[in-house]
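**Student:** Here is my input, please return the structure:
(2 chains)
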Amino acid sequence: MVRTSKIAVALLATFLIAAAALAAEKAATKAPSKEQVRKETSSASATAAAAKAFEKVSAELYPKAKQEGNLVVYSVWDVEHLKVITDAFMKRYPGIKATYWQGRNPEIVTRALTEFQGGQASWDVVLSDNAPPVIRAAGAIMNYDTVQRDVLYLHDPTMPTVSLQVQALAYNTKKMKPADLPKSWEDVANPKYKGVVALDDPMRAGPLSSMLSGLKTQWNDDNRYNNFVKGLKALNVPVHQSTSAMFRLVISGEYSICMPALLHDVFEEMHKGTPVNYNKAVPPVVFPRQAGIYVKAPDPNAAKLFAEWLISEEGQKAIDSVGRETSRNDFKSHTSIEAAFGKNTKPIPVTDRSFLEDPKKWLDTNVKPIWG
Amino acid sequence: MPLVGSAIAGAAIITPVLVVLWRSFTTGRLGFNVGLNIANYVRVFGDKDIMAMLGNSVAYAGGSALLGTGVGALLAWIVARTNTPGKTLVELLPLYPILMPPIMKNIAWILLLAPRSGILNGMLQQFLGIETPIFNAFSMTGMIWVFGLACVPLGYLFLLPVFLSFDPSLEESAYIAGSKPVNTMLKITFPLAVPAFLSAFVLNFLRGLRSFETPVLQGTPANIKVFVSRVYDSMALEFNTGLATAYSVVLVALSVITLYFYVRATRFSDRYATITGKGYRVKVIDIGPWKYLTFFLVFIYFLAGIAIPFIVLIVVSMIPYFDYDTFMKFPTNAVLTNYYTVMHHPSFVTGFYNSLVLSVTIALVTVLAGIVMAFTIYRTRASGTRVFEFIGTLPLAFPPLVLSVGLVIIFLGTPLYNSLWALGIGLFVAYFPYAFRNASGSIVNIHKELDEAAWVHGARWRHVFFKITLPILKPSVGGALFYIFIEAIRNVDVAVLLTSPGKEYGPVTLFEYFRVGQWAEAAAGGVVYLVVLIAAVSIAKFAFNMKFSL
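**Tutor:** Numbers count the residues shown, from 1 in each chain, chains lettered A, B, ... in the order given. Just a heads-up that it's a prediction; the model follows:
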């Protein structure tokens, strides 16, 4: 009898532990944890502490990095941007020669992981949005937690977030009056926008699917999420596999609303006087752009130094100078969330690891059954 | 010796193919090792959507290949065989469209044919009051039109040497028997050009099957899904090169079927020999008043193939942004900022120079190797050489990214990796099918009696190859060199994985603008690129009297 009770207790305990572990795992993959999402603004003391921490780590890493002498970056960013950023880095840290190779995300993942599987110590850092989590999932990223974590808007303890991809609801000002605009992302699915919306293809690893992942996490309401996707589907509008081409077609007047556009593209066009703007009332979707350090990096110190420098004020200035969104919450720039959307904006972060690391599986589970 | 040369070229081609095929049985998602399995193939053959996608692919690739090769053949016939006025101009006009990369045509034609914002629909509305859009870039017709135009140069360059080397006695016999020119053309001239036509058609069809830009930019908005998108999804969404290869195997099967029909159609190669031992001069046919129509046709193609899209790109590169109203205000709103941006791009000029040197080398090596392989198949007595027909065309069945993965795996850990040699070999593998199919189509037109005469007199293979075959193939060699050079200088897909960090390769720079959607900068870069190439072709033609297969 006692033995039976012991077995029952043991089974119950095992069950409870397993349930708790499952719940914890679910929470870790779905909800943005405190580790992943930080405050929108930092205090002056946090800024000062980050600056001090950076100076310290920079002083430690630079001599070793200089000895390594090189830095190889794989990135999806424009060559013009990479040149400005790596030139600024080399100017700050003489003796380190930074070279880069630019490709699209699938090309970066293919090259980086093929080299990883081939045992090649051929690159140091991958600087991108979609690629780093996928490469990390294969075990090719070295865990590195930045010392400036307290000033980051999105923090991942394994890969420093150096910039953000910010999605905005953009529209053609010749075709749409601000009063007629959707009031939220959800409102885009309103049937009255049928025929005027250009949709990014939700079945690819692109901005719309990352938005869906962010909204699903934030809403935590399957009914609401399902109705939203069904609503978008019911619009029966063309979908696009090239976000940039879709944005050009909105500018040309083929469509009136871009679902979604990238904020830096919108700003660049607004600066040129293009008839395009974005709805500031719709909270932006933010996606981390990370610097993932290769586990077999030939120049690991240079890689860490580069990642830290990108988050430092100087690095963020370099990123801002090419029009890309910065990742610090204390950095004042026209593309910062506070400046672009207002002080009390609550952005929608994309932090679901299951989406970031295996988009296909996530889409098959969460979009395909509704979208078809 | 030709057999050894062909075997080396064949090995260079088949090795990356075998590597990716092997990996389709041994790999899942990149970064994760799995044992030998057929999971990828189970996925492919269990995919319920692929038949519909294959249907779209065949319609799109077949339609484009038919349009492109047909127009190319017609142009070649007009240029080579008719007394169309303005001979120099008529010879040159079909060449210029080759210089415009397909993606530039895509962008230009989207701007022209988009239903609501397209220039042509806007003009119809503004000047004729037609409210309903007539043209639609986002449709199967729009896709076939744009990719078909991109297929014309290949048809033209393949067919022109055939029409230029025609024994007129064949047509004269028809005339003597009372046949009229059009009848003779349809019943004698064109049937004799079948091997070259099929060669170009097969290439264009396979290019269409694996082409991705047109379906993405023009097909997706119309919900037209093509098969190759599955290959790209496997790479871009699942990061599974093994699955991408398994999907590519379906394209290989389609290629084999296509090649089977080609080989079958040309199995009695002697029937198509138009170059014989008899001396003759190619006869130009007087087509009477029809010559004005043929001139008009050449001019229309020149307009559609390059002039109109080029003008659109020039305007787009100089206006602040593109919409119909802004376009129509040109030139009052012209700005040059995009040209400034392009010329100050960190690697536009150096990259262009690097790719220029490599492209010339690759064109020479590839064309020579292609002729050697075609010679081995059709002119040597070694058995089993027909297998080269398949091997030589195989790379076309694989999307470039899949093929480059095979090359990366081969080169990894060797001194070749991240070197210009790797890029060169990659371009060789990618463009070999063009060189080979061009040589194969042309060699069939040379009657065996020419080299048999040499064999009988004790000539060795090198005498036959260098003194008989190669000189006779000179026109098609010129065309192939020109085509491969132009294609290689703008290659991105193969080059991207094989370029090393810190080394610039020109087209990658230019097409980055297209890839990131900066159409105005892309247009400016494209205009600079086209002006340089047009100037080069014109100088080569007029100053040095270069032939380009003419």
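
**Student:** so where is the stretch 151-300 of chain B shaky, pLDDT-wise?
**Tutor:** B:166-167, B:266-282 (pLDDT under 70).

**Student:** Relative to B:Gly118, how far out is the residue of it found nearest chain A?
**Tutor:** In the stretch 151-300 of chain B, the residue that lies nearest chain A is B:Pro221 (3.5 Å; Cβ to the nearest Cβ). From N, CA and C alone the C-beta is placed, and that goes for glycine too. As judged by Cβ to Cβ, to the nearest Å, B:Pro221 and B:Gly118 stand 13 Å apart.

**Student:** next one: B:Arg437
**Tutor:** Counting by Cβ to Cβ - B:Arg437 and B:Gly118 are separated by 36 Å.

**Student:** Comparing the two, which residue is more hemmed in?
**Tutor:** Neighbour count, other Cβ atoms under 10 Å in any protein chain shown: between B:Arg437 and B:Gly118, B:Arg437 has more, with 29 against 24.

**Student:** quick one: the nearest residue to that one once chain neighbours are set aside from B:Ile472, how far?
**Tutor:** Spatially, and ignoring its direct neighbours in sequence, B:Arg437 is nearest to B:Ser199 (4.6 Å; Cβ to Cβ, 6 or more residues apart in numbering or on different chains). As defined by Cβ to Cβ, B:Ser199 lies at a distance of 17 Å from B:Ile472.

**Student:** Settle it for me: which of those two has more neighbours?
**Tutor:** Taking neighbours as other Cβ under 10 Å, B:Ser199 and B:Ile472 compare with B:Ser199 leading, 28 against 19.

**Student:** Wait, the more buried one touches B:Ser440, no?
**Tutor:** Yes - at 6.1 Å, B:Ser199 counts as touching B:Ser440 under the criterion of Cβ atoms under 8 Å.

**Student:** Would you mind extracting the C-alpha trace of stretch B:245-258 into PDB?
**Tutor:** Provided in PDB are the C-alpha atoms of stretch B:245-258 (Å, rounded to 0.1, in the frame of the first residue of the first chain):
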ATOM      1  CA  THR B 245      17.500  19.600 -54.800                       C
ATOM      2  CA  ALA B 246      14.800  17.000 -54.600                       C
ATOM      3  CA  TYR B 247      12.400  19.500 -56.100                       C
ATOM      4  CA  SER B 248      15.000  20.300 -58.700                       C
ATOM      5  CA  VAL B 249      15.000  16.700 -59.700                       C
ATOM      6  CA  VAL B 250      11.500  17.200 -61.100                       C
ATOM      7  CA  LEU B 251      13.000  19.900 -63.300                       C
ATOM      8  CA  VAL B 252      15.800  17.500 -64.300                       C
ATOM      9  CA  ALA B 253      13.100  15.000 -65.300                       C
ATOM     10  CA  LEU B 254      11.400  17.600 -67.400                       C
ATOM     11  CA  SER B 255      14.800  18.500 -69.000                       C
ATOM     12  CA  VAL B 256      15.400  14.900 -69.800                       C
ATOM     13  CA  ILE B 257      12.000  14.600 -71.500                       C
ATOM     14  CA  THR B 258      12.600  17.800 -73.400                       C
END
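
**Student:** Contacts for that stretch, please.
**Tutor:** Residues from elsewhere that reach stretch B:245-258 (Cβ atoms under 8 Å, 6 or more residues apart in numbering or on different chains): B:20-21, B:23-24, B:40-41, B:43-44, B:50, B:54, B:58, B:202, B:205-206, B:209-210, B:227-228, B:230-231, B:234, B:390, B:393-394, B:396-399, B:402.

**Student:** residues touching the nearest residue to B:Phe32 once chain neighbours are set aside, list them.
**Tutor:** The shortest distance from B:Phe32 to any non-neighbouring residue, by Cβ to Cβ, 6+ apart, is to A:Ala138 (6.5 Å). Contacts for A:Ala138 (Cβ under 8 Å, 6+ apart) come out as A:113, A:116, B:29-32.

**Student:** just B:Thr361 next, same as before
**Tutor:** Contacts of B:Thr361 by Cβ under 8 Å, 6+ apart are B:Gly424.

**Student:** One more: A:Gln165?
**Tutor:** Taking Cβ under 8 Å, 6+ apart, one finds A:129, A:207, A:262, A:286-289, A:325 in contact with A:Gln165.

**Student:** now it: how far from B:Trp461?
**Tutor:** 61 Å.

**Student:** same question, B:Asn56
**Tutor:** Counting by Cβ to Cβ - B:Asn56 and B:Trp461 are separated by 46 Å.
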